[in-house]
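sequence and computational prediction follow.
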Amino acid sequence: TSGSVATSPIDSSDDAYSIPVSIGTPAQVLNLDLDTGSSDLWVFSSLTTASEVNGQNIYTPSKSSTSKLVSGATWKVKYGDESTSSGVVYTDKVTVGGITASSQAVEVAKTVSASFTSNSDIDGLIGMGFDSLNSAKPSAVPTFFDNIIGNLDSPVFTADLKHNKAGSYDFGVIDSSKYTGSLTYVAVDTDPGYWKFTSSGYGIGSAAFKSTSVVGIADTGTTLLYLDTAIVKAYYATVSGASNSATYGGWVFKCSATLPNFVFGVGSAKITIPGSYINYSPVTTGSSTCFGGLQDSTDIGINIFGDVALKAAFVVFDGSDTPRLGWASK
Ligand SMILES: CC(C)(C)S(=O)(=O)N[C@@H](Cc1ccccc1)C(=O)N[C@@H](Cc1c[nH]c[nH+]1)C(=O)N[C@@H](CC1CCCCC1)C(O)(O)C(F)(F)C(=O)NCCN1CCOCC1
C-alpha cells in the first residue's frame with residue numbers, strides 16, 4: 001500500500017506544517033504536526049485540563065467504539081523549546097493519507113504547557129523519529145510509521161514541504177514527479193533516535209563550496225536551520241548590518257537586506273536554500289528588524305536541518321533495515 005497527505009504551513013512564517021489525522025470510529029480528525037524529531041503521537045483530548053485547551057480540536061476516546069485504554073501506561077515529553085505535555089495512552093484506529101494503523105497507540109494529553117495551549121493550529125504531534133525516542137512508560141509504543149511500514153510497498157515516507165503553500169508527505173512510494181535530477185542517499189545514525197546524517201559541506205552565495213562534514217538531524221518539527229557558529233558567522237558576514245542580538249536571542253538584520261543563497265552538500269549533491277528563506281520574519285509584527293532563518297546551534301548541542309532547509313528539498317526518509325535519507329532538489 002501507499003498513500004499521500006497534503007501538509008500546509010500553519011502560518012505565513014512556515015512555523016510548522018500540519019496534516020489531518022483521522023482517529024477512532026467514527027473518525028475524529030485532528031491537525032497534527034508531523035515531527036521527525038520526536039516519536040510520540042499525542043493529542044489534545046477530552047482528558048486535557050479544560051483551562052489548557054484553547055481552540056484546538058480534541059480526541060474524545062469515549063466517543064470512539066474502537067478506543068481502548070492501555071492500562072498502566074503513561075507518557076511525558078519535553079521538547080527543545082522547553083514545551084511539555086503528558087498523559088495516558090489509548091489504542092485506536094488511526095488513518096493518515098488513506099493508510100490505516102488499526103491499533104495505534106494514541107497518547108492522550110492530560111496536561112500541556114502554555115506554548116501548546118496558545119497554539120490553536122496544532123492539535124498534537126505525530127512523531128516520525130525512531131522508537132528509542134518514545135516517552136511511554138513502562139514500555140515504549142511504536143510510531144505510526146513503525147506500525148504501517150510492513151504494509152508499505154516501500155519502507156519509506158517522503159517530505160515535500162513548501163514555502164507558504166501546501167506540500168505533501170507520501171508513504172510507501174517515491175514520487176519522481178516531485179523532484180528534479182536524482183536522489184542522493186546518505187547514511188543515517190539512529191542513535192539516539194533522530195534522522196541524523198552528515199552533510200558534506202556548505203556554500204554561501206557565489207563563494208566556493210567548502211567541503212567539510214556537518215553532522216545534523218533532518219527535523220520537520222523544527223522551524224529554522226541551526227548550524228555551527230563558524231558557518232553562521234560566515235553567512236551573516238555577507239549581510240551588511242547583521243548582528244547576533246542578545247535582545248532577540250539570535251542573528252538579526254534589516255528586513256530590507258538582500259540575503260545570499262545557502263547551499264548545503266549531501267554527498268556529491270548540493271541543495272540550494274534561497275536567500276529569501278533565510279529571512280524568517282520580523283522580530284515583532286511590523287518591525288523593520290528581521291530574525292534569521294539560519295541560527296547558531298551551540299546552545300542546542302546538535303545541528304538541525306529544520307523546515308528552512310527541508311522546504312528547499314524533496315527528502316526520502318528510508319526506514320529499511322539500513323535507514324538512510326535521500327535528498328533531491330525540486
Ligand atoms: C516558536 C518558533 C519561534 C516559531 S520556533 O522557531 O521555536 N519553532 C518551534 C516549533 C513551533 C512552531 C510553531 C509553534 C510552536 C512551536 C521549534 O522549532 N521548536 C524546536 C526548537 C528546538 C529544537 N531544539 C532546540 N530547540 C523543537 O522543540 N522542535 C521539536 C518539535 C516541536 C515542539 C513544540 C511544538 C511544535 C513541534 C522537535 O521534536 O522537532 C525536537 F526535535 F526539536 C525535539 O525537541 N525533540 C525532542 C526529542 N526528545 C528527546 C528525548 O526523548 C523525548 C523526545
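Nice, thanks for sending it over. Keep in mind it's a predicted model, so treat the numbers as computed, not measured. Numbering: from 1, shown residues only.

name the helix or strand for the closest residue to the ligand within the stretch 151-300 of the chain, please.
Scanning the stretch 151-300 of the chain for proximity to the ligand using CB to the nearest ligand atom identifies residue 221 as nearest, at 2.9 Å. Placement of C-beta: from N, CA and C, glycine included. Assigning secondary structure by DSSP states H and E places residue 221 outside every helix and strand.

excluding its backbone neighbours, what's nearest it?
In space, and not counting its chain neighbours, residue 221 is closest to residue 35: 3.1 Å by CB to CB, 6 or more residues apart in numbering.

do residue 183 as well
With CB to CB, 6+ apart as the measure, residue 326 is the residue that lies nearest to residue 183, at 4.0 Å, once sequence neighbours are left out.

name all residues that make contact with the closest residue to residue 245 other than its chain neighbours.
For residue 245, ignoring the flanking residues on the chain, the nearest one in space by CB to CB, 6+ apart is residue 252 at 4.7 Å. Residue 252 makes contact with 242-243, 245, 283, 289-292, according to CB atoms under 8 Å, 6 or more residues apart in numbering.

buried ones among the residues you listed?
By neighbour count, with 16 or more other CB atoms under 10 Å, those hold 242, 283, 289-292 as buried.

can you say which two of those are spatially most distant?
242 and 283 (12.9 Å; CB to CB).

from residue 210, how far out is the spatially most central residue of the chain?
The centre of the chain sits closest to residue 220, judged by CA atoms, centre = their mean, with a distance of 1.8 Å. As for residue 220, its distance to residue 210 is 26 Å (criterion: CB to CB, to the nearest Å).

spell out which residues of this structure are next to the ligand.
Proximity of the chain to the ligand is confined to 15-16, 33, 35, 37-38, 77, 79-81, 83, 115, 119, 133, 135, 219, 221-224, 300, 306 under the rule CB under 6 Å from any ligand atom.

picking up where we left off before, beta partners of the residue nearest to residue 221?
Taking DSSP bridges, one finds residue 127 as the beta-bridge partners of residue 35.

wait, it sits on residue 220?
Yes - at 5.9 Å, residue 35 counts as touching residue 220 under the criterion of CB atoms under 8 Å.

overlap in contacts of the two?
Taking CB under 8 Å, 6+ apart as the contact criterion, the residues that touch both residue 35 and residue 220 are residue 128.

chain center to stretch 16-36: distance?
With CA atoms, centre = their mean, to the nearest Å as the basis, stretch 16-36 stands 14 Å off its chain's centre.

just the closest residue of the stretch 51-200 of the chain to the ligand, please.
Per CB to the nearest ligand atom, the residue of the stretch 51-200 of the chain with the smallest distance to the ligand is residue 80, at 2.3 Å.

please enumerate the helices of this protein.
Remark: helices assigned in the chain by DSSP state H are 114-117, 144-148, 229-236, 307-310.

which of these is buried the deepest?
Neighbour counts (mean count of other CB atoms under 10 Å) averaged over each of the helices of the chain peak at helix 307-310, with a mean of 26.

show me what it is packed against.
Other elements packing on helix 307-310 under the criterion 3 or more CB pairs under 8 Å, 6 or more residues apart in numbering; DSSP states H and E are strand 269-273.

what is the strand it packs on packed up against?
Here strand 269-273 touches strand 262-266, helix 307-310, strand 324-328, going by 3+ CB pairs under 8 Å, 6+ apart.

dump these to JSON lines, plus mean pLDDT and distance to residue 181.
What follows is those, written out as JSON lines (pLDDT from 0 to 100; distance: least, CB to CB, whole Å):
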{"stretch": "strand 262-266", "mean pLDDT": "98", "distance to residue 181": "12"}
{"stretch": "helix 307-310", "mean pLDDT": "98", "distance to residue 181": "17"}
{"stretch": "strand 324-328", "mean pLDDT": "98", "distance to residue 181": "6"}
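
my read is that residue 283 contacts residue 254, right?
No - checked against CB under 8 Å, the pair residue 283 and residue 254 is beyond contact range at 11.3 Å.

and for these two, which residues touch both?
With contacts taken as CB under 8 Å, 6+ apart, residue 283 and residue 254 have 289-290 as neighbours in common.
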